[in-house]
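> everything below, folded, please.
(one chain, ligands or ions: 1)
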Amino acid sequence: MRITFLGAVGTVTGSKYLVRAGKARLLVDCGLFQGFKNLRLRNRAPLPLDPASLDAVILTHAHLDHSGYLPLLVRNGFHGPVLCTPGTADLCRILLPDSAMLQERDADFANRHGTSKHHPAQPLYTRKDAERALGQLRCMNYGEDARIGKGVTLRFDQAGHILGSALTRLTWKGTSLQFSGDLGRPESATLPAPATIEEADYLVVESTYGDRQHPHVDPETMLADVINRTSGRGGSVVIPAFAVGRTQTLLYHLARLKHEQRIPDLPIFLDSPMAINATETFERHPNEHKLTRKQCHEAFDVATYVRDPEDSKALDRSAMPMVLVSASGMATGGRVLHHLMHFAPDPRNTILFAGFQAGGTRGAAIVAGAREVKIFGNYVPVRAEVQNMDMFSAHADADEIMAWLGGFRRPPKMTFVTHGEPAAADALRHRIEEGLGWDCMVPDYKERYDLD
Ligand code: ZN
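So this is what the prediction gives:
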């Protein structure tokens, strides 16, 4: 076997691993690069492989930095199956067409305003490409060893990161290659803990929080503090939230806080059609999360759902205080941008981020204390209070990753640390080498490694 690292090296985005096993050619994850421009430009550069030559694509989960390149791969000739869990397939049906729509809208905006060097600006892919890609999805359940052709066996186990997320294992001729994908947390309110993996010959492990611990603060206490403080000064809380996963966790906590009267009875809006659809997906997969039907109803009924774009704009004119949950989570696009333009300049308000902010995104700039950010060509002053509640993260922190690795009964021959910004990946490498005594490396972009 051989692995080539085509993304998620030196960054948390663009996950793509080419695996050759005998005659089989597989791509594990097919993600978009996001954040810094030099990374985003990689989405437009040709891949160092012929998409038509791939036997299959395997998705660890549906987040766009793991699935969002798929429509382009299909347009460029990939016609094989895309193997994933049922939850991932359902979420891709929401995320990929939406991603395509945003690509089309950005290209259209660039053409109308002449903001692109390309004439005409072309979307990375279209809704038609996304629909074709969705036609290639093939579902596989957790916990089953499936022969996927040319002597390769594939197995998914629960990763606990978002609905449908999977620890992904390939085996060929007795050699196993285990991917953590994005690793969830042992004590999530809404998702099961990641499954224990006891052995693998080779391991690829993520390191988003490889150099950090999530604060040991009760998330509901902090959320209540932020809401009470903000509403006390007559302001609103704007939460840019990842539509899939984080939004559902937030609604769950908001519902509990309201029920226990730990926050005032203020209106809560969920302003993201995609997040609304993802919330409905959650209810369709009762076996893949921890919430009962009753808990789902209670959590997801706490917010008023805003689907119509005109109603979304009207929110900026409605009475404060309120809590407004809107995508995208790193403020890179989506309806939250309009709300930030309106709410960020007023010091009564709070912008509350709910997870990792990749370098180069507006979210990272605001969390780092930027006094103004550019939105739709305008400089918008940031005078609102800014908070980032990392404890809502769906990623294991460094201690939690180490605890998961502690489930291994023998060291892998090599552990590859990926999916982290350079300092985080290197810190985790160091901890694994020192703490566990394993052989470990942080691969470079396009680096290849033979697995024997
Ligand atoms: Zn993810």
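
> report pLDDT for residue 116.
The model reports residue 116 with a pLDDT of 69.

> can you check the one 5 residues further on too?
In this prediction, residue 121 carries a pLDDT score of 83.

> in contact with it, which residues?
Applying CB atoms under 8 Å, 6 or more residues apart in numbering to residue 121 gives the contacts 106-107, 110-111. All C-beta atoms are positioned from the backbone trio N, CA, C, and that covers glycine.

> just residue 123 next, same as before
Contacts of residue 123 (CB under 8 Å, 6+ apart): 100, 103-104, 106-107.

> out of the residues you listed, list just those in helices.
100, 103-104, 106-107 (DSSP state H).

> backbone dihedrals for the nearest residue to residue 150 once chain neighbours are set aside, both of them.
Leaving aside its chain neighbours, residue 150 sits nearest to residue 24 (3.7 Å; criterion: CB to CB, 6 or more residues apart in numbering). For residue 24, the backbone dihedrals (degrees, to the nearest 10) come out as phi -80, psi 140.

> go ahead and confirm residue 24 touches residue 172.
Yes: using CB atoms under 8 Å, residue 24 is in contact with residue 172, at 7.2 Å.

> relative to residue 425, how far out is residue 235?
Separation of residue 235 from residue 425 (CB to CB, to the nearest Å): 38 Å.

> so those two - more neighbours on which side?
Between residue 235 and residue 425, residue 425 has the larger neighbour count (other CB atoms under 10 Å), namely 28 against 20.

> quick one, what contacts the residue in the stretch 251-400 of the chain that the ion sits nearest to?
For the stretch 251-400 of the chain and the ion, the shortest gap (CB to the ion) falls at residue 394, measuring 6.6 Å. Residues near residue 394 by CB under 8 Å, 6+ apart: 161-162, 182, 184-185, 188, 191, 242, 245-246, 249, 355.

> so which of these is the most crowded?
Within those, most neighbours by other CB under 10 Å means residue 245, with 31 neighbours.

> tell me the helices and strands packed up against the helix or strand hosting residue 94.
Using DSSP states H and E, residue 94 maps to helix 86-113. Applying 3 or more CB pairs under 8 Å, 6 or more residues apart in numbering; DSSP states H and E, we find helix 86-113 packed against helix 64-67, helix 70-75, helix 127-134, strand 137-139, helix 273-284.

> what's the local residue count around the residue of the stretch 1-150 of the chain found nearest the ion?
The stretch 1-150 of the chain approaches the ion most closely through residue 63 (3.5 Å), counting by CB to the ion. Neighbours of residue 63 under the rule other CB under 10 Å: 29.

> please name the residues that touch it.
Applying CB under 8 Å, 6+ apart, we find residue 63 in contact with 31, 95, 162, 182, 242, 244-245.
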